[in-house]
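Chemist: here you go, sequence then predicted model.
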Amino acid sequence: MSRSGLQLKLWAADARGTTRSVREMHPTQHRGLRELYAMTRQLRNHWRTLAEKIDAVAPQEAQILRAGTDLAGALLGELADVTAARGLFGKPLA
């Protein structure tokens, strides 16, 4: 997938059609992006581990899982670029 295919929009319009600045996010949007980071990282790590375990018995399926981990990594990279402008960072703090 190309970078532009995964990019998120940096602006949002409210119910009246007024555009808000990039840093102004509704708490639900903020939580949604944090959960997207967490779930994508979890999925990437799980598929990587699963691919290693099944590689000997199902190499084609393991390769599909590895391709999925690559896509998940690309999504995480795109999220980092887009959400930094909103003051949201996807790395665990502790």
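Modeler: Cool, the structure landed. Numbering: from 1, shown residues only.
Chemist: can you show me the strands along this structure?
Modeler: For the chain, the strands identified by DSSP state E occupy 12-13, 19-20, in order along the chain.
Chemist: least confident of those strands, on average?
Modeler: The minimum mean pLDDT among the strands of the chain belongs to strand 12-13 (a mean of 48).
Chemist: what residues sit buried inside stretch 77-93?
Modeler: Taking 16 or more other Cβ atoms under 10 Å as the basis for neighbour counts, the residues of stretch 77-93 that come out buried are E78, L79, V82, T83, R86, L88, G90. Heads up, the C-betas are built off the backbone N, CA and C, glycines and all.
Chemist: and the average pLDDT for the longest helix seen in the chain is what?
Modeler: With DSSP state H applied, the helix covering the greatest number of residues in the chain is identified as helix 27-54. Mean per-residue pLDDT for helix 27-54: 91.
Chemist: mind giving me the packing neighbours of that helix?
Modeler: Other elements packing on helix 27-54 under the criterion 3 or more Cβ pairs under 8 Å, 6 or more residues apart in numbering; DSSP states H and E are helix 59-83.
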